[in-house]
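J.: pasting the structure only:
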């Protein structure tokens, strides 16, 4: 009997050790832009370890939709992702929760210098990331509020930039830091996200629900880390821009200018998230409306 008990204790220890490794080790993904500044800063400063968070993978994706697909496949369990693809993923059954905001705004309508107003683009060809992106969300709001209809080329940010540069389109809806790159090339910001959504939530951190349910303390530390890095960014923007310029392979001055178009903040406003959900349901991007609180976990 004693031998049996000892064997069972050993097996239990091995099982619990295995669970600890699989849960506490985070596979993180970020979007390839300065929206995910807090994650890049944490990696550069090795601050994940300071908060007892072990990062096994740190992946970059060129769009929020690509990152959302990685979440759905189970390739990653934490994502620094734009709010719109996060909401769509949740609505489609991906087991995630939003645990913190990372910024507001950060999406612009960039045009040729000759374009003086949004109305001039009515019926004109514009490039924009496809349905499910935050830039596309802004574009839809612009169409509604300005009474215009664009001829849309749905494409990734880098391709959209090329299309504007070679004259294939008259304007692009695009996230930062790409908007600021275009400005450095002689194009102009015609409209910002906050012009059509005064408190637009930009990006957020989402975490798989199995981690939240099994190891909530780890997620709480991740939230604390995000707040700390956001404070660092807001107090040391030049240093933050220098760090980000290396990860994004972009001139430091451009990144610094880009960061001025973004409000780095962590507070989740339920009403703003609900507005996003209601609009996505109205436009048919998700099957039905749901309560924003269902998609949020803040550790309470």
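T.: Everything's here; your move. Please read these numbers as outputs of a predicted model, since none were measured by experiment. Residues are numbered from 1 along each chain as shown.

J.: just the helices from the stretch 1-150 of the chain, written as ranges.
T.: Taking DSSP state H, counting those that start in this stretch, the helices of the stretch 1-150 of the chain run over residues 2-24, 37-44, 47-50, 64-73, 83-91, 134-146.

J.: among the ones you listed, which gets the worst mean confidence?
T.: Ranked on mean pLDDT, the bottom entry among the helices of the stretch 1-150 of the chain is helix 2-24, at a mean of 43.

J.: which residue ranges of the stretch 151-300 of the chain form helices?
T.: So, for the stretch 151-300 of the chain - with DSSP H, counting those that start in this stretch - the helices run 157-165, 178-184, 209-214, 216-235, 237-248, 252-259, 270-282.

J.: quick one: list the elements packing against the lengthiest strand in the chain.
T.: Across the chain, the longest stretch assigned as strand under DSSP state E is strand 96-105. When contacts are defined as 3 or more C-beta pairs under 8 Å, 6 or more residues apart in numbering; DSSP states H and E, strand 96-105 sits against helix 37-44, helix 83-91, strand 201-208, helix 209-214, helix 216-235, strand 262-263. C-beta: built from backbone N, CA, C; applies to glycine.

J.: now these in JSON lines, with distance to residue 129 and mean neighbour count?
T.: Formatted as JSON lines, these follow (distance: least, C-beta to C-beta, whole Å; neighbours: other C-beta atoms under 10 Å):
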{"stretch": "helix 37-44", "distance to residue 129": "20", "mean neighbour count": "24"}
{"stretch": "helix 83-91", "distance to residue 129": "10", "mean neighbour count": "26"}
{"stretch": "strand 201-208", "distance to residue 129": "14", "mean neighbour count": "27"}
{"stretch": "helix 209-214", "distance to residue 129": "27", "mean neighbour count": "16"}
{"stretch": "helix 216-235", "distance to residue 129": "24", "mean neighbour count": "18"}
{"stretch": "strand 262-263", "distance to residue 129": "17", "mean neighbour count": "20"}
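
J.: could you dump the ones you listed to JSON lines with distance to residue 111?
T.: Formatted as JSON lines, the helices and strands packed on strand 96-105 follow (distance: least, C-beta to C-beta, whole Å):
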{"stretch": "helix 37-44", "distance to residue 111": "26"}
{"stretch": "helix 83-91", "distance to residue 111": "22"}
{"stretch": "strand 201-208", "distance to residue 111": "21"}
{"stretch": "helix 209-214", "distance to residue 111": "41"}
{"stretch": "helix 216-235", "distance to residue 111": "29"}
{"stretch": "strand 262-263", "distance to residue 111": "20"}
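
J.: which stretch among the ones you listed comes nearest residue 293?
T.: helix 83-91 (12.0 Å; C-beta to C-beta).

J.: and that closest one, what other elements does it pack with?
T.: Going by 3+ C-beta pairs under 8 Å, 6+ apart, helix 83-91 lies up against helix 64-73, strand 96-105, helix 134-146, strand 201-208, helix 270-282.

J.: which of these sits most buried?
T.: strand 201-208 (a mean of 27; mean count of other C-beta atoms under 10 Å).

J.: and that strand, which strands flank it?
T.: strand 78-82 (antiparallel), strand 96-105 (antiparallel) (DSSP bridges).

J.: reformat these as CSV; add mean pLDDT.
T.: Converted to CSV, those look like this (pLDDT from 0 to 100):
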stretch, mean pLDDT
strand 78-82, 96
strand 96-105, 97
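
J.: can I get the ones you listed in a markdown table with distance to residue 120?
T.: Shown next, in a markdown table, are the strands paired with strand 201-208 (distance: least, C-beta to C-beta, whole Å):
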| stretch | distance to residue 120 |
| --- | --- |
| strand 78-82 | 28 |
| strand 96-105 | 23 |
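
J.: residue contacts, the closest residue to residue 290 other than its chain neighbours?
T.: Closest residue to residue 290 apart from its sequence neighbours, by C-beta to C-beta, 6 or more residues apart in numbering: residue 277 at 6.3 Å. The neighbourhood of residue 277, defined by C-beta atoms under 8 Å, 6 or more residues apart in numbering, consists of 87, 91, 286, 289-290, 292, 295.

J.: derive a ChimeraX selection command for the buried subset of those residues.
T.: The buried residues among those can be selected in ChimeraX (16 or more other C-beta atoms under 10 Å) with this line:
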select :87,91,286,290,292,295
